[in-house]
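[1] Sequence first, then the predicted structure, then my questions.
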Amino acid sequence: MEESKELQGFYKIFRAVIYVSILMEFFAYALEPEQLDFLGGVVTDIHTRIKRWMIYHDGNLVYSKVATFLLICITCVGTRNKKHLEFDARRQVLYPLLSGVLLIVQSVWLFGHSIMPCFYTLRLNTWLYMLTSIVGVVLVHIALDNISKFLKEGLLKDRFNFENESFEQCRELQENKYSVNIPMRYYYKGKFRKGWVNIVNPFRGTWVVGTPGSGKTFSIIEPFIRQHSEKGFAMVVYDYKFPTLATKLYYHYLKNKNAKDSKMPHGMKFNIINFVDVEYSRRVNPIQLKYINNLAAASETAETLLESLQKGKKEGGGGSDQFFQTSAVNFLAACIYFFCNYGKEPYDKDGKMLIAERREDPKTKRLIPTGRVFDHSGAEVQPAYWLGKYSDM
């Protein structure tokens, strides 16, 4: 916020004081308190006290107008500026200020010249005096407000130093058979201009840095994909938001492959390697016979697989060590679980074996318990416990 709530509150108070002073002026000069006093002299007493002030003495109406004008000037110092104010000196300052001053002067003249008839105990010139006073003060207030807004807008025009930090950038397209050219807009000398980001030698590498959602993919990565594909370059793209980039890659691959002036080499293919959704992935069997033609090739393949599992080994037993240790634990756990649950039969509380109903699993062709247990007489009973064939060893 440009101003604190306290300053805004003070500004509202000063603005209200302007129009309160006008009402006090009307009360002191235009109204007859005796005709409005229904409280036993209270209104008359207030009127008498106000008339003691110098600006409200009889014949000092001009002083009252000057005091109101000074209040307007003080209030306009705290006017809140508006952003991008279109300043028109004639329409926003000159015409309202001249009109307001003339109406205030005319109100003083009207107050001193009696004009009949009377409306609600007040002469016509008094009504015109009050009307011109209010309209004149409002117009002067508007004009001085606009001056204050313009001055503040000028003082705070470059509060964030945009002008000093802006500079002329490349506006020419510099293209070659390797370049990546990205159109852009930049700010310089109060205007947004069109330019080009010319990466004429992409072999040096391009570092893209930005917070999530800042537009790195849209503004940099996608132009690289589009222009490299059009120029027939091979690309390896890591799509961490699969299939966002994969879809665009495949589109440009098909578009440029089928183009009449295609620069793609003959036989170029589009492949995806996906370890999560393997149904979309290009697969290869590393132990096919055509790859393993002798013992040395088999040894090299085995060594490569083990080396690939050794990530983190130096930090304390990660990689292949942890892999094989975990595999042994899992295998032993599977053996224990198998022996504990193999050939489980129900027993009653006296240790006599009961008969469990079983059915054949259509997939595995094995007999599995249905959960129903019978004794030797054929009555359905509830077993006390189940015991595996090898669980008592």
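    Cool, the structure landed. Source: prediction; values computed, not measured.

[2] What residues sit buried inside whichever strand or helix holds Val20?
    Applying DSSP states H and E as the criterion places Val20 in helix 5-25. Judged by neighbour count using 16 or more other CB atoms under 10 Å, the buried positions of helix 5-25 are Tyr11, Phe14, Arg15, Ile18, Ser21, Ile22, Met24, Glu25. C-beta coordinates here come from the backbone N, C-alpha and C atoms, glycine included.

[3] Pull the residues that contact that helix.
    3, 50, 56, 61, 64, 67-68, 71-72, 74-75, 78-80, 133-134, 137, 141 (CB atoms under 8 Å, 6 or more residues apart in numbering).

[4] centre of the chain versus it, how much separation?
    38 Å (CA atoms, centre = their mean, to the nearest Å).

[5] mean confidence score for it?
    Mean pLDDT, helix 5-25: 83.

[6] Output the lowest mean pLDDT helix or strand found in this protein.
    helix 33-36 (a mean of 65; mean pLDDT, DSSP states H and E).

[7] tell me what whichever helix or strand comes after that one is packed against?
    Note on helix 33-36: by DSSP H and E, the next helix or strand toward the C-terminus is helix 42-51. In terms of contacts (3 or more CB pairs under 8 Å, 6 or more residues apart in numbering; DSSP states H and E), helix 42-51 is packed against helix 33-36.

[8] low-confidence ranges in the protein?
    For the chain, residues meeting the criterion pLDDT under 70 lie at 1-4, 33-40, 80-87, 152-161, 308-325, 340-341, 390-393.

[9] So which residues of it form helices?
    5-25, 33-36, 42-51, 61-77, 89, 95-111, 124-155, 162-165, 216, 222-230, 244-257, 295-308, 319-341 (DSSP state H).

[10] Next, the angle from the first one to helix 95-111.
    What it means is helix 5-25. If you take axes from the mean of the first three to the mean of the last three CA atoms, to 10 degrees, helix 5-25 sits at 30 degrees to helix 95-111.

[11] Give me the angle between helix 5-25 and helix 124-155.
    160 degrees.

[12] Also compute the angle for helix 5-25 relative to helix 42-51, please.
    If you take the same axes, to 10 degrees, helix 5-25 sits at 100 degrees to helix 42-51.

[13] Now helix 5-25 - C-alpha only, PDB.
    Listed next in PDB are the C-alpha coordinates belonging to helix 5-25 (Å, rounded to 0.1, in the frame of the first residue of the first chain):
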ATOM      1  CA  LYS A   5      -4.400   3.300   7.100                       C
ATOM      2  CA  GLU A   6      -3.600   6.000   9.700                       C
ATOM      3  CA  LEU A   7      -2.600   8.500   7.000                       C
ATOM      4  CA  GLN A   8      -5.700   7.700   5.000                       C
ATOM      5  CA  GLY A   9      -7.800   8.300   8.100                       C
ATOM      6  CA  PHE A  10      -6.200  11.700   8.600                       C
ATOM      7  CA  TYR A  11      -6.800  12.600   5.000                       C
ATOM      8  CA  LYS A  12     -10.500  11.800   5.400                       C
ATOM      9  CA  ILE A  13     -10.800  13.900   8.500                       C
ATOM     10  CA  PHE A  14      -9.200  16.900   6.800                       C
ATOM     11  CA  ARG A  15     -11.500  16.500   3.900                       C
ATOM     12  CA  ALA A  16     -14.500  16.400   6.200                       C
ATOM     13  CA  VAL A  17     -13.300  19.600   8.000                       C
ATOM     14  CA  ILE A  18     -13.500  21.500   4.700                       C
ATOM     15  CA  TYR A  19     -17.200  20.900   4.400                       C
ATOM     16  CA  VAL A  20     -17.800  21.300   8.100                       C
ATOM     17  CA  SER A  21     -16.200  24.800   7.800                       C
ATOM     18  CA  ILE A  22     -18.700  25.600   5.000                       C
ATOM     19  CA  LEU A  23     -21.600  24.600   7.200                       C
ATOM     20  CA  MET A  24     -20.300  26.700  10.100                       C
ATOM     21  CA  GLU A  25     -20.000  29.600   7.700                       C
END
